[in-house]
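*Asks:* Show me the folded form of this:
(4 chains)
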Number of protein chains: 4
Amino acid sequence: MATEANSIPHPTLISVDPFVPAAKQKGIHNRWHPDIPPVATVKPGQTFKIECVDWTGAQIGNNDCSDDVKNIDLTKIHYLSGPIAVEGAEPGDCLVVDILDIKPFDKMPWGYTGIFELENGGGLFAKEFKSRAAKAIWDINGIYATSRHIPGVRFAGVTHPGLIGTAPSAELLATWNKREGELITACGESVPPVAFPPEPVNAYVGQDLPPEVMEKIAKEGARTVPGREHGGNCDIKNLSRGSRCYFPVFVEGANLSVGDLHFSQGDAGIITFSTSIIKGGVEKFALKQPIFVPSPIDPMYSQKIVFEGLSVDIHGDGKQYNMDATVAYKQAALNAIAYLMKIGYTREQAYLLLSAAPVESHVGAVVDSPNACVTLAIPTGIFEYDILPNPNGFQKRDLGQCAIRSDGVL
Amino acid sequence: MATEANSIPHPTLISVDPFVPAAKQKGIHNRWHPDIPPVATVKPGQTFKIECVDWTGAQIGNNDCSDDVKNIDLTKIHYLSGPIAVEGAEPGDCLVVDILDIKPFDKMPWGYTGIFELENGGGLFAKEFKSRAAKAIWDINGIYATSRHIPGVRFAGVTHPGLIGTAPSAELLATWNKREGELITACGESVPPVAFPPEPVNAYVGQDLPPEVMEKIAKEGARTVPGREHGGNCDIKNLSRGSRCYFPVFVEGANLSVGDLHFSQGDAGIITFSTSIIKGGVEKFALKQPIFVPSPIDPMYSQKIVFEGLSVDIHGDGKQYNMDATVAYKQAALNAIAYLMKIGYTREQAYLLLSAAPVESHVGAVVDSPNACVTLAIPTGIFEYDILPNPNGFQKRDLGQCAIRSDGVL
Amino acid sequence: MATEANSIPHPTLISVDPFVPAAKQKGIHNRWHPDIPPVATVKPGQTFKIECVDWTGAQIGNNDCSDDVKNIDLTKIHYLSGPIAVEGAEPGDCLVVDILDIKPFDKMPWGYTGIFELENGGGLFAKEFKSRAAKAIWDINGIYATSRHIPGVRFAGVTHPGLIGTAPSAELLATWNKREGELITACGESVPPVAFPPEPVNAYVGQDLPPEVMEKIAKEGARTVPGREHGGNCDIKNLSRGSRCYFPVFVEGANLSVGDLHFSQGDAGIITFSTSIIKGGVEKFALKQPIFVPSPIDPMYSQKIVFEGLSVDIHGDGKQYNMDATVAYKQAALNAIAYLMKIGYTREQAYLLLSAAPVESHVGAVVDSPNACVTLAIPTGIFEYDILPNPNGFQKRDLGQCAIRSDGVL
Amino acid sequence: MATEANSIPHPTLISVDPFVPAAKQKGIHNRWHPDIPPVATVKPGQTFKIECVDWTGAQIGNNDCSDDVKNIDLTKIHYLSGPIAVEGAEPGDCLVVDILDIKPFDKMPWGYTGIFELENGGGLFAKEFKSRAAKAIWDINGIYATSRHIPGVRFAGVTHPGLIGTAPSAELLATWNKREGELITACGESVPPVAFPPEPVNAYVGQDLPPEVMEKIAKEGARTVPGREHGGNCDIKNLSRGSRCYFPVFVEGANLSVGDLHFSQGDAGIITFSTSIIKGGVEKFALKQPIFVPSPIDPMYSQKIVFEGLSVDIHGDGKQYNMDATVAYKQAALNAIAYLMKIGYTREQAYLLLSAAPVESHVGAVVDSPNACVTLAIPTGIFEYDILPNPNGFQKRDLGQCAIRSDGVL
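*Replies:* Numbering: from 1, shown residues only, chains lettered A, B, ... in the order given. Take a look at the predicted model:
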């Protein structure tokens, strides 16, 4: 007979409250540093759970106004749960991490996507759009997300951790700080900034540490904003629940941390892991960065509409760039946004939709000078109506607007 | 009863011989210009076939030496079959093109992938690798390609036209020439070149044209090397047989041209089309560039191994770039090449394999400063053996080498 | 800011304890009858959760012995949670049910697959195998199941409700009882039985009902064993989380009930729904039985090995049947079992594996007399080793045995 | 340089003319018998092509009248091209066959699907529908088929050989004749017949054979109508171009024959093969029947609408059957037909559509007595309009009718 005695739940190693500011909670940190001690240790093969706050540490609310996005405190972002040490992991090993599941908190079945102000958070089109704060709240209904701010859309989420990585060694950390510092020096003042140097203000480690250790971490710790050789904030949609990832190990125990869970974009939730170790895996697999095998349950929307972009700024001043895939990627996105606006979405809605939905952007070719070619594919099946081109064009719908600032500025 | 009388084959509107230099054949051209007249006119709804030489016009042979790649004449490349006019198409319309099928010539069941010399053709890693000519011949066996130069691999081709587009208007052509000229001016001499200005030498239009028209085309005609707003050489794998494409129309009749068919990479063959017109489609769909709906029969290899790349040159001097997706794309490819070399392929084999096989490169994120993140996914099912990481590492195989220069220089 | 106040969880309308016998719990029933009143009422559009015991009501334990399977009390099976009434649903309408999610209880991360005794529960091969009780326990690790009883396999579950349906009208119930009674009469005594007539013993409705109502239900209520026009126990793998189902409505409120959740096979858990109503849908869509649209996140294992079966009993006495797809299905399964035994699984392990893993059985053709052709496809990606045919045959592994009876009888 | 000399086409081993009656052509046969000698011999590893007439040997024409279907001569059907011997294949081996490609003749870009008369050819619903001859002509446009007889539909074909198999040994042939004879004896006269005994009339082998050999073949040879242990007429859609099949070998050389190519349903065309041999494969893989690995390029239409069927004749007299998957399959098809008729198709169009389009029928469960459950899934993406259920029901379209008899009888 089924009994409590013969049923052993998977343990939750870090528990958090998604409604409490991150910096008041244990087991959370927001800097990468080798001196942050593990908060728990697991054996290879063990299944365990980790709870995560959203990447802003509860700064964004489920409401219809984007003032919270506008006023976000960017020194308090990209919080991670961890580190978790894995018994036996040593520098040079490969840490195999199975992302077994990701789910939102039952008590918080929603997430959000935000457009940040040009001067506070910026983003891909911060300059082109002179961005003002906007957001969409996504209601999570099982595997689907819908938004009252972007009607007519329902998609199966590609739930993944935006931010996951092993701890850097002291040497690797020094490399990061040096090269990013050089970029900042080279670019001078920039809005939004080109990179974020170590920042003691609001550096946080949710453990009782000796003051000198905490001070060192605050002074040297790498910001958790970008992805780097250890993983980090890569925002790779296909690194989703069900995938198997291979991380290089830089410190004793590997010290895995995770956060910034994405159902849609910014979501708190619970992630289930198991791990194993491949000794000497860095050398065996030429592992300079993580590699991974995607999940068999990634959403399959076979029909897509695909937009192209080249390294010419045809949505701006028409300038020709030299094989620049970033420019091409942005042009593809701008072509997609222009198309979605023909259907009836505002520019802000379209931009938020592309940030949250299971779209795919492919690098088509970076070979035929001077034009790199990048494509962006939107699955047609996420819309309630047919969005394919048709001979009559679109009957333009009134689809409202996303959440904007209380002063109405766009 | 089935009879010849009740069976009407689809007509072939342009016939070519894949073994004859392109510049000796009718219905072929290698410049984009509005004054190139159509060689045939079709009605919307009609199914028709177009034969194409390979992009070099038969310069590359099925043999085991890359001297033909080394000595390629780059003024004679990217030949197109066409133009085909579509009745009723006018500037501002959208030309809907169904790519119904693509197949190799029965008499030429092979294609090739080449690495070009740093000084003659260059390529993605021309500088990093100081590239010397190399190639792989792919034998086409129905839907599969295999190569004696890259053993252990068999893949279903994503057969697509590398180069397809509508003719530019005079205004659009002038825009291209202006902006690309400015890039060339800005970059100065560069090896390989950053862009290719109009080049009268070996400009070719396989029609009897008045000399002054031909001269104008040779002098002003855009090179067929890069992709542009009309389509062109985009090398988009998913624009494969079975896809439906929507092109902006810039001239009366649309004047569609096609070439550079890819089973693996460089292949002659036969493409089947049908077309229709959406009046005013450019405005209806905000159509600054082609959009398309991929084919339902694109190869499905569900299991993949994915490599990440960031905008840091970790395979080179370690320099930090600012959100540069081209750098990130190259790093992902270099990570993949390093991995394939652990299995036993040479660097040249690995590079050629990535150019031909159904790999996918995704732009993961261009938001977390300073690191763009790009991934490259290789389907595991194209290998005869298991290429996933395993605890024992790889038993290194001797997999030979691809075709190289007769002087043995790599 | 994210707060408890702006976060509204989806309500759980029926709560159960998976470790308590079903017949001691509220909101559960095990007969279909129009007079069972709804235990809750929802509005169209509302998202809600229902908890379910496993189909045996906790009779099977997480251990290594199949005596609980051997001794199962079959009058106590196929328990359902419900009914749930939907406001406004009337006979002749179509009830649209979105299966938004299905997950196991955190406190019970396991399920099981059983082979039942020829004389107590039978099953597909009860007679051919003279089945003795056996079982496999599946550990549920996020989206994956593994079993200590069937080593070398890990699969992503196609989590679905084995049993879901609307309540029958009195007329429909009478039709069921009549036609099944006639079959029983026609077939006489049979082991296992051909069908199950109404059975007052252990008929259960977890509500306080007037005795005469309960008596009527017990006397007339249809067993929950088979599927019927209203849905019921169809065990359709693709009716998985993320699918949208269209049920005919036979009684006021529709009265939806659900149970027998399957991750692997027999699992307790929680299902999330939302519903809507299409008035007159039975007529609009010729809806004699449910139809559905499968989920975009069904596991995608592209490579499969496929076994054929014909309506000839080649694994038995060689008899030729006339277009009998049941015989063909069984032969395909027997071919698959024989193949899996070559790898090293026992017959019992192979049989249990086919019952739980995401295999697909297709009806190939029922047209070429006298042989129906049915195929059974096993995804190769669920095995830790390569199971494709290879020139050397299989190195036979010792893969142990599943859980069997304490007396060792097979 | 690419030259004819360095390009070796794959040889065509059997050439046919699709417009000439099969019984006037070489390399064709329509009986299975061990004494039919091979018409060609290949080495393992060689790629080769085989041309095939359609299964009726050109009896059906591309026109708008079904009289040719009505009057088909059923003694002249299921013609095969072959046999092809493979060097080194011996009884007990496994013949690995790669189906590398299948394409229609350029000169015959069409095929057909037919409903046969109750008294001449019958079919799945011959009795239920009292079938009268009807047909649909499919125009093959590259990878797509469309039909003027079934408007509003365009699908990518799952091109496959309906009929492919190795030659039986004398013992196996005797087994077939015995068991099928017993079925015929048991069932007595039946319309349509339950099976087809050897039939000397119109037995055909397109080779010059001694009269006594031909007589023996005509007298004993198994009809090519059904599938059997060697493969044969299995009509398995997924045995498509790109798949790899493993056949048991019963005679020296294996003697592979193929025919009844299907783009849509009945099509002449060209198939490309290569083969290899696994010695002793029958024992190694418990190979009582063919097994196969499907193609990576099978059409992927992710969105489907699925119909259920149970072993109750709810479309007929309501009778309850005992776990009969054939009844369930037919009910699922009848539910689908009823649905398609709501959209505007006639019953004949719907039936023909299900026979040709890439639908999938799954055996859901054959375990919950007394109802087997079978599903039938239709991809929504093959229709030009949305066929999903919607609140308003369908705006009924006038979609004409398929080709019917000249006397107008349905």
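*Asks:* Once you drop chain neighbours, what's closest to the closest residue to chain D within the stretch 251-400 of chain A?
*Replies:* Here the stretch 251-400 of chain A gets closest to chain D at one residue, residue A:302, 3.8 Å apart by Cβ to the nearest Cβ. Any C-beta I mention is one placed from the backbone N, CA and C, and that applies to glycine too. In space, and not counting its chain neighbours, residue A:302 is closest to residue D:302: 3.8 Å by Cβ to Cβ, 6 or more residues apart in numbering or on different chains.
*Asks:* Kindly report the same for residue A:115.
*Replies:* Among residues not flanking residue A:115 along the chain, residue A:134 sits closest, at 4.3 Å (Cβ to Cβ, 6+ apart).
*Asks:* if I look at the one you found, how far off is residue D:59?
*Replies:* Distance from residue A:134 to residue D:59, counting by Cβ to Cβ, to the nearest Å: 67 Å.
*Asks:* which of the two has more neighbours?
*Replies:* Counted by other Cβ atoms under 10 Å in any protein chain shown, residue A:134 and residue D:59 do not tie: residue A:134 has more neighbours, with 27 against 21.
*Asks:* Can you give me the pLDDT of that one?
*Replies:* Here, the pLDDT recorded for residue A:134 equals 97.
*Asks:* what's the answer for residue A:9, then?
*Replies:* pLDDT at residue A:9 comes out at 96.
*Asks:* That one: what's it in contact with?
*Replies:* If you count contacts by Cβ atoms under 8 Å, 6 or more residues apart in numbering or on different chains, residue A:9 has them with C:106-109.
*Asks:* quick one: pLDDT of the residue nearest to residue A:302?
*Replies:* The model's pLDDT for residue D:302 equals 91.
*Asks:* so residue A:111 is in which element?
*Replies:* Here residue A:111 sits within strand A:110-115, counting by DSSP states H and E.
*Asks:* Just checking the helix or strand just after that strand against chain B, any contact.
*Replies:* Sequence order places helix A:126-129 as the next helix or strand after strand A:110-115, per DSSP H and E. No. Contact between helix A:126-129 and chain B is absent, the nearest approach being 9.9 Å (criterion: Cβ under 8 Å from any Cβ of the partner chain).
*Asks:* Check which residues of helix A:126-129 are buried.
*Replies:* The neighbour-count check on helix A:126-129 (16 or more other Cβ atoms under 10 Å in any protein chain shown) flags A:126, A:129 as buried.
*Asks:* Contacts for that helix, please.
*Replies:* With contact meaning Cβ under 8 Å, 6+ apart, helix A:126-129 is reached by A:115-118, A:192, A:315-316, A:330, A:334, A:347, A:351.
*Asks:* that older thread, and the contacts of residue A:9 near chain B, which?
*Replies:* Of these, not one also sits near chain B (Cβ under 8 Å from any Cβ).
*Asks:* PyMOL command to pick out the buried ones of these?
*Replies:* Entered in PyMOL, the line below selects the buried ones among those, by 16+ other Cβ under 10 Å:
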select buried, chain C and resi 108+109
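*Asks:* nearest to chain D, of the contacts of residue A:9?
*Replies:* Looking across the contacts of residue A:9 and measuring by Cβ to the nearest Cβ, the closest to chain D is residue C:108, at 23.6 Å.
*Asks:* measure the residue nearest to residue A:241 when sequence neighbours are not counted to chain B for me?
*Replies:* The shortest distance from residue A:241 to any non-neighbouring residue, by Cβ to Cβ, 6+ apart, is to residue A:102 (4.5 Å). Note on residue A:102: its distance to chain B, by Cβ to the nearest Cβ, to the nearest Å, is 17 Å.
*Asks:* Residue A:102 should be in a strand, yeah?
*Replies:* Yes. Assessed with DSSP: H, G, I helix; E, B strand; the rest coil, residue A:102 lies in a strand.
*Asks:* if we can go back for a sec, now find how far off-centre the strand holding residue A:111 is within its chain.
*Replies:* In terms of Cα atoms, centre = their mean, to the nearest Å, the centre of strand A:110-115 is set 12 Å apart from its chain centre.
*Asks:* now swap in stretch A:257-275 and tell me
*Replies:* With Cα atoms, centre = their mean, you get 9 Å for stretch A:257-275.
*Asks:* ditto for stretch A:4-11
*Replies:* Distance, centroid of stretch A:4-11 to centroid of chain: 32 Å (Cα atoms, centre = their mean).
*Asks:* where in the stretch 1-150 of chain A is pLDDT low?
*Replies:* Along the stretch 1-150 of chain A, no part satisfies pLDDT under 70.
*Asks:* name the element residue A:165 belongs to?
*Replies:* strand A:160-166.
*Asks:* all helices in the stretch 301-410 of chain A, in order from the N-terminus.
*Replies:* A:325-343, A:347-356 (DSSP state H, counting those that start in this stretch).
*Asks:* and of those helices, who's closest to residue B:67?
*Replies:* Residue B:67 lies closest to helix A:325-343 among those, at 32.3 Å (Cβ to Cβ).
*Asks:* Show me which residues of that closest one are buried.
*Replies:* Residues of helix A:325-343 classed as buried by neighbour count (16+ other Cβ under 10 Å): A:325-340, A:342-343.
*Asks:* from the residues you listed, which are also near chain B?
*Replies:* A:325-326, A:328-331, A:335, A:338-339, A:342.
*Asks:* Which positions in the stretch 301-410 of chain A make contact with chain C?
*Replies:* Contact residues (Cβ under 8 Å from any Cβ) of the stretch 301-410 of chain A with chain C: A:301, A:381.
*Asks:* Wait, a helix at residue A:215?
*Replies:* Yes. Per three-state DSSP, residue A:215 lies within a helix segment.
*Asks:* what number of residues lie near residue A:131?
*Replies:* 23.
*Asks:* So what does residue A:153 have for phi and psi?
*Replies:* Dihedral pair for residue A:153: phi -130, psi 140, per degrees, to the nearest 10.
*Asks:* ok, now how distant is it from chain C?
*Replies:* For residue A:153, the distance to chain C - Cβ to the nearest Cβ - is 14 Å.
*Asks:* Show me chain A divided up by domain.
*Replies:* The record's domain split for chain A, according to automatic domain parsing, is A:12-293, A:304-404.
*Asks:* Which of those domains sits closest to residue C:74?
*Replies:* Comparing the domains of chain A by Cβ to Cβ, domain A:12-293 comes nearest, at 32.7 Å.
*Asks:* how long is the closest one from one end to the other?
*Replies:* Between the start and the finish of domain A:12-293 there is a gap of 25 Å, counting by Cα to Cα, to the nearest Å.
*Asks:* What of stretch A:357-376?
*Replies:* With Cα to Cα applied, stretch A:357-376 spans 12 Å between its terminal residues.
*Asks:* So it, near chain B or not?
*Replies:* Yes. Stretch A:357-376 reaches chain B (Cβ under 8 Å from any Cβ) through A:360-375.
*Asks:* Report the buried members of the residues you listed.
*Replies:* For those, buried by 16+ other Cβ under 10 Å: A:360-375.
*Asks:* Using pLDDT, spot the least trustworthy of these.
*Replies:* Where pLDDT dips furthest among these: residue A:365, at 77.
*Asks:* can you pull the contacts of that residue?
*Replies:* With contact set as Cβ under 8 Å, 6+ apart, residue A:365 has these partners: A:372-373, B:227, B:233-236.
*Asks:* now, which of these lie within strands?
*Replies:* The members of these that map onto strands under DSSP state E are A:373, B:227, B:233.
*Asks:* Show me what the last one bridges to in the sheet.
*Replies:* Right, the one you point to is residue B:233. residue B:163 (DSSP bridges).
*Asks:* picking that back up, adding secondary structure, write the contacts of residue A:9 out as JSON lines.
*Replies:* Formatted as JSON lines, the contacts of residue A:9 follow (three-state DSSP):
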{"residue": "C:106", "secondary structure": "coil"}
{"residue": "C:107", "secondary structure": "coil"}
{"residue": "C:108", "secondary structure": "coil"}
{"residue": "C:109", "secondary structure": "coil"}
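*Asks:* Tell me the one of the contacts of residue A:9 nearest residue B:271?
*Replies:* For these, the nearest to residue B:271 is residue C:109 (53.5 Å; Cβ to Cβ).
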